[in-house]
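**Q** Mind looking at a prediction? Sequence and model below.
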Amino acid sequence: MNPNQLKNEIRQWATELGFQGFGVTHRDLRTHEQALQQWTAQGFHGEMEYMVRHGSKRSHPEELIPGTLSLLSFRMNYLPPDAADSWEIINRCSLGFISRYALGRDYHKVMRNHLAKLAQRIGEAIGPFGHRVFVDSAPVLERGIAENSGIGWIGKHTNLIHEKSGSWFFLGEIYTDLELEPDSSATNHCGDCSKCITICPTQAIIAPYQLDARRCISYLTIELKGSIPVEFRKAIGNRIYGCDDCQLICPWNRFALPSSEPDFKIRHSLDAPELLELFSWSEERFLGKMEGSPIRRIGHEQWLRNIAVALGNCEMHKGGNAGITMALRDKLEHPSEIVREHVTWALEQQSAQTPEIKF
């Protein structure tokens with residue numbers, strides 16, 4: 001089988017395995033390497049130390065996996081077809097908003113399994129070959145690789161966009177010693193649009209294509225392990241795990257197709273959960289409910305921290321805040337200092353809204 005035939009076969013196999021996009025690029029990631037260096041030099045990565053931990057391996061694939069000649073990029077849609085309307089959830093303060101990518105099973109395992117099956121098919125067709133599969137599991141410039149391979153362009157919000165599929169998709173890679181013809185890089189089609197910049201609740205997109213992660217709600221609710229800066233707590237609203245505002249407003253997502261992957265189906269009604277119900281979960285219940293979910297990795301302490309902020313932001317009126325205040329009071333003696341701090345803040349917000357309720 002010649003390289004062109006093999007590439008066509010890989011595309012077909014990828015489609016059969018549930019991928020909606022496939023592209024190939026070479027190892028030259030210098031442009032994206034420079035962008036990463038400038039980003040980290042300004043401290044925009046915050047506490048995500050892993051972004052600088054591996055030196056040049058992230059932008060030099062041959063250093064990470066010696067012998068690498070081609071980088072194969074894949075995308076898989078994740079938007080559940082029957083999820084509750086995101087804006088309706090965001091505008092109902094008694095509910096918690098969870099980023100749509102986290103409503104089903106952990107995508108790391110799902111995509112890795114699919115890519116492993118694809119690599120197996122390649123091996124069955126051509127014999128043993130050098131390769132390694134990645135899904136957010138190593139220092140890989142996945143968006144740069146995807147853009148170079150034609151999978152999509154990096155938008156002004158720094159997410160990847162495909163003109164026929166929007167941005168609701170995951171990325172995965174296979175580094176290989178196979179020499180395949182590279183695809184053309186994706187062309188940027190953001191134009192003059194700045195909707196994502198304008199809508200960001202914390203103004204984390206400080207300029208087109210520049211994200212200060214330290215201000216981003218996804219970073220604050222997932223990556224940040226300590227106290228959420230007070231200046232951002234009100235803007236977080238009821239977003240308890242991630243934030244999709246910049247994707248929800250993006251015009252290209254009018255063309256997004258729902259996922260057909262069974263593992264990305266909604267679990268435990270997380271598309272429209274009641275905050276008080278989630279806040280009542282013990283650590284054991286949290287770990288049990290979140291088994292197999294990407295949410296599990298933040299741990300119970302951060303889970304309560306995030307929900308406390310959301311409860312503090314909720315204005316129920318007509319007596320509804322009494323239940324919120326009671327639930328928060330129950331956590332005032334929580335063993336975690338982080339939880340106690342955010343619960344106290346939330347109670348102060350509730351007291352300001354309903355001064356007749358004291359704590």
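**A** Perfect, thanks for sending it. All of these numbers come straight from a predicted model, not from anything done at the bench. Residues are numbered from 1 along each chain as shown.
**Q** residues in contact with residue 10?
**A** For residue 10, the contact set (CB atoms under 8 Å, 6 or more residues apart in numbering) comprises 22, 72, 118, 122, 180. Every residue, glycine included, has its C-beta placed from N, CA and C.
**Q** what about it, distance to residue 176?
**A** From residue 10 across to residue 176, the span is 10 Å (CB to CB, to the nearest Å).
**Q** intersection of neighbour lists for the two?
**A** Common neighbours of residue 10 and residue 176 (criterion: CB under 8 Å, 6+ apart): residue 72.
**Q** ok, back up a step: so which of the contacts of residue 10 are in strands?
**A** 22, 72 (DSSP state E).
**Q** neighbour-wise, which of the contacts of residue 10 leads?
**A** When neighbours are taken as other CB atoms under 10 Å, the top entry among the contacts of residue 10 is residue 72 (26 neighbours).
**Q** hmm, back to that, select, from the contacts of residue 10, the two members most distant in space.
**A** Comparing every pair within the contacts of residue 10 by CB to CB identifies 118 and 180 as the most remote, at 13.7 Å.
**Q** all strands in the stretch 201-350 of the chain, in order from the N-terminus.
**A** Counting by DSSP state E, counting those that start in this stretch, the segments of the stretch 201-350 of the chain that form strands are 205-207, 210-211, 239-241.
**Q** Go ahead and confirm residue 266 touches residue 104.
**A** Yes - between residue 266 and residue 104 there is a contact under CB atoms under 8 Å: 6.4 Å.
**Q** Run a quick neighbour tally on the closest residue to residue 303 other than its chain neighbours.
**A** In space, not counting the residues next to it along the chain, residue 303 is nearest to residue 286; the distance is 5.8 Å by CB to CB, 6 or more residues apart in numbering. Residue 286 is flanked by 19 other residues according to other CB under 10 Å.
**Q** low-scoring stretches of the stretch 201-350 of the chain, by residue?
**A** Counting by pLDDT under 70, the stretch 201-350 of the chain shows low-confidence ranges at 317-320.
**Q** how does it look with 90?
**A** The stretch 201-350 of the chain contains residues with pLDDT under 90 at 315-322.
**Q** Tell me if I'm right that residue 328 and residue 343 touch.
**A** Yes - counting by CB under 8 Å, residue 328 touches residue 343, with 5.2 Å between them.
**Q** Name the residues contacting each of those two.
**A** residue 308.
**Q** which one is residue 287 nearest to, not counting chain neighbours?
**A** Distances taken as CB to CB, 6+ apart place residue 296 nearest to residue 287, at 6.7 Å, with adjacent residues excluded.
**Q** tell me the contacts of the one you found?
**A** By CB under 8 Å, 6+ apart, residue 296 lies in contact with 106, 286, 287, 290.
**Q** any chance you could map the strands in the stretch 1-150 of the chain?
**A** Ranges of strands in the stretch 1-150 of the chain, per DSSP E, counting those that start in this stretch, are 21-25, 70-77, 97-98, 131-134.
**Q** quick check, nearest of the contacts of residue 10 to residue 40?
**A** residue 72 (26.3 Å).
**Q** Which of the strands of the stretch 1-150 of the chain sits closest to residue 204?
**A** Comparing those by CB to CB, strand 97-98 comes nearest, at 16.4 Å.
**Q** Pull the distance from that closest one to the chain's centre.
**A** From the chain centre to the centre of strand 97-98 is a distance of 12 Å (CA atoms, centre = their mean, to the nearest Å).
**Q** what about it, average pLDDT?
**A** The average pLDDT within strand 97-98 is 98.
**Q** tell me which strands and helices that strand is in contact with?
**A** helix 86-90, strand 239-241 (3 or more CB pairs under 8 Å, 6 or more residues apart in numbering; DSSP states H and E).
**Q** for the longest helix seen in the chain, packing partners?
**A** Counting by DSSP state H, the longest helix found in the chain is helix 107-126. Packing contacts for helix 107-126, counted by 3+ CB pairs under 8 Å, 6+ apart, involve helix 3-16, strand 70-77, strand 131-134, strand 169-176.
**Q** one more time with 6 Å, if that's ok
**A** strand 131-134, strand 169-176 (3 or more CB pairs under 6 Å, 6 or more residues apart in numbering; DSSP states H and E).
**Q** Show me how far the first one is from its chain's centre.
**A** The one in question is strand 131-134. Worked out by CA atoms, centre = their mean, strand 131-134 lies 21 Å from the chain centre.
**Q** How about stretch 197-211?
**A** Averaged C-alpha coordinates place stretch 197-211 at 16 Å from its chain's average position (CA atoms, centre = their mean).
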